[in-house]
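Engineer: Sequence first, then the predicted structure:
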Amino acid sequence: MGETRRDFFRRAFVGAGVLAGTSSLAAQENHPKPPDHMNMDMDHGAMKMGQEAPIASTATGGASVSVETPDIPNLEWTIENGVKVFHLVAEPVKQQIVPGRTINVWGYNGSSPGPTIQVTQGDRIRIIVDNHLPEPTSMHWHGFEIPHNMDGGPGISQDPIKPGGRFVYEFTLHQEGTYFYHSHMAMQEMMGMLGAFIMHPKTPYLPRVEKDFVMMMQEYAVLPNNTVPNTMNMEFNWLLLNGKAGPASTPLIIRLGDRVRIRLINLGMDHHPIHLHGHTFYVTGTEGGRTPKEAWYPGNTVLVGVAQSRDFEFVANNPGDWMLHCHLPHHMMNQMSSNVGPMTRLGKGMPAGVGMEEGMGMLKGTPGAPTGEDYGPSLGRGLGAGSTNDQPIGNTPLSLEKAKTAMQDVQHEMPGMQHGQMHQMPRMNMEADVSPNANSVPGFPQDAYMEGPTMAMDDMVQKPENYGLRPGWSGFMQGMMTFVRVLPHDKYDQVMERVRKGQPSTMPGMQHDG
């Protein structure tokens with residue numbers, strides 16, 4: 001009953017705002033904005049939208065909260081004769097997905113996923129797409145109800161955009177909700193070519209939210225010693241949110257008591273059951289727009305299928321640093337691959353990862369006998385190439401000394417990392433976490449590289465949003481994972497002040513703030 005009364009007064013307040021409001025955008029700009037939001041400012045005809053800038057609602061004189069896309073920029077726009085004009089450049093991108101791991105993908109405007117586009121229902125928009133790729137491309141506006149010649153189907157509704165070419169898309173939008181854009185060349189999608197397209201409603205949704213986030217899911221198969229994703233693959237070892245794998249993903253910062261919307265977008269090969277710790281949410285929208293309130297349903301995990309989006313909303317009434325992640329177990333690890341080399345647990349040095357043919361009993365070596373030392377069970381499942389040849393490594397956790405040695409070759413890619421600091425990192429010495437009889441327990445170790453807690457890298461992923469996290473947190477955040485940080489007002493203000501100043505804490509996670 002209390003919730004119904006609150007809804008009643010909230011609706012009454014909004015209704016009064018409608019009567020007192022104006023449909024003039026100029027009049028809206030004269031109204032003071034809430035202090036936590038940045039104003040939209042005009043710069044040589046371009047209205048640049050900050051991550052927390054309000055989106056004008058011409059129907060009510062109110063405003064929808066602009067979405068935030070952590071780790072991804074918003075796409076700026078200009079106005080020409082009443083048309084909002086955007087510019088997208090399809091191009092190769094170097095993307096650092098975690099410290100020490102940079103891959104070559106394709107995206108838009110130097111980003112993969114591409115920048116987030118935000119418009120208001122009813123806008124007339126023009127999007128200029130330039131192709132800086134070495135092959136033709138096209139742009140599809142996923143779920144848009146627009147004229148056929150603007151749909152972006154190559155060879156169907158338009159000629160593909162040749163390298164160095166340009167295509168101008170222009171249409172009026174009558175829809176609202178969470179949509180996205182992507183190349184309609186299938187392998188280009190697997191190279192990272194997508195971006196969020198948010199259509200804010202003319203009349204803001206009720207109940208209103210204080211925070212609105214977009215999270216895009218991607219998956220890549222990057223073979224050993226490569227930087228280019230294997231687009232033919234059906235299994236993946238890098239699972240990303242907004243172009244980052246945990247622990248490099250930027251947390252969502254929320255004030256205790258805020259109502260929050262999170263928009264999930266999936267364009268890959270796998271469905272993802274996205275789970276939020278600590279809260280119950282309601283699923284309020286799909287890639288088709290806002291769901292009628294009568295059809296909302298509660299949960300803490302929502303399945304986001306391929307080519308789908310899902311919106312969910314909740315009141316952040318439970319303080320803490322809560323995980324938000326895909327719940328497929330293999331999607332909570334980084335650079336997952338099978339162990340190869342002698343099976344040290346057996347004590348006989350049997351090779352565990354020979355070639356696929358040898359593992360199937362196809363005799364190729366010398367001597368050509370199944371008892372030869374080059375034959376054995378093909379347990380190593382490589383990415384797209386069957387099992388891999390055996391290597392001189394064992395399937396045991398790294399000791400501290402072995403980890404130090406391994407780090408020597410990659411230290412130059414990990415700014416701020418000093419070997420002298422490694423003893424400070426919790427969970428670093430994995431041998432200390434293994435029981436004395438581990439070798440005799442069936443199932444240990446699992447057939448995955450670096451199974452279990454990994455090396456903490458708190459200092460390597462330091463950013464303002466990580467301020468105050470528990471020491472060693474980064475050793476348990478991998479794959480398609482991030483934090484929803486629900487902070488009391490004082491701690492929220494501390495973190496947001498650091499975000500505004502671009503001021504990371506010194507060694508976040510090394511010094512726990514209460």
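Structural biologist: That came in fine, so what should we check first? Numbering: from 1, shown residues only.
Engineer: Not including adjacent chain positions, what is the nearest residue to residue 278?
Structural biologist: Sequence neighbours aside, residue 322 is the residue nearest to residue 278 in space, at 4.1 Å (criterion: CB to CB, 6 or more residues apart in numbering). (Glycine included, C-beta is placed from N, CA and C.)
Engineer: For the one you found, pull up the helix or strand it's in.
Structural biologist: In this assignment (DSSP states H and E), residue 322 forms part of strand 320-326.
Engineer: tell me the average confidence for that strand?
Structural biologist: Throughout strand 320-326, pLDDT has a mean value of 98.
Engineer: burial of the closest residue to residue 139 other than its chain neighbours, as a residue count?
Structural biologist: In space, and not counting its chain neighbours, residue 139 is closest to residue 152: 4.6 Å by CB to CB, 6+ apart. The tally of other residues near residue 152 (other CB atoms under 10 Å) stands at 25.
Engineer: May I have the phi/psi pair for residue 152?
Structural biologist: The phi and psi values for residue 152, taken as degrees, to the nearest 10, are phi 90, psi 20.
Engineer: Now that it has come up, it's in contact with residue 168, right?
Structural biologist: No. Residue 152 is beyond contact range of residue 168, at 11.9 Å (criterion: CB atoms under 8 Å).
Engineer: For the stretch 151-300 of the chain, just list every one of the helices.
Structural biologist: 186-190 (DSSP state H, counting those that start in this stretch).
Engineer: For it, give me the ranges with low pLDDT.
Structural biologist: Scanning the stretch 151-300 of the chain for pLDDT under 70 picks out no residues.
Engineer: ok, residue 187 to residue 334 distance?
Structural biologist: To residue 334, residue 187 is 24 Å away according to CB to CB, to the nearest Å.
Engineer: Counting neighbours around each, name which of the two comes out higher.
Structural biologist: Legend: neighbour count by other CB under 10 Å for residue 187 and residue 334, higher for residue 334 (22 against 13).
Engineer: What separation do you get for the more buried one and residue 220?
Structural biologist: For residue 334, the distance to residue 220 equals 11 Å [CB to CB].
Engineer: Overlap in contacts, those two.
Structural biologist: Residues touching both residue 334 and residue 220 (CB atoms under 8 Å, 6 or more residues apart in numbering) are 237-238.
Engineer: Just list the residues touching residue 317, thanks.
Structural biologist: With contact set as CB under 8 Å, 6+ apart, residue 317 has these partners: 256-257, 279, 486.
Engineer: Which members of those residues occur in strands, if any?
Structural biologist: Among these, the residues falling in strands (DSSP state E) are residue 486.
Engineer: ok, of the contacts of residue 317, which one's closest to residue 95?
Structural biologist: Nearest to residue 95 among these, counting by CB to CB, is residue 486 at 29.1 Å.
Engineer: neighbours of the closest one, just the number please.
Structural biologist: Look at residue 486: counted by other CB under 10 Å, it has 26 neighbours.
Engineer: Grab the nearest non-local neighbour of it.
Structural biologist: Once flanking residues are discounted, residue 486 sits nearest to residue 316: 4.4 Å by CB to CB, 6+ apart.
Engineer: That's all I had, so thanks and see you.
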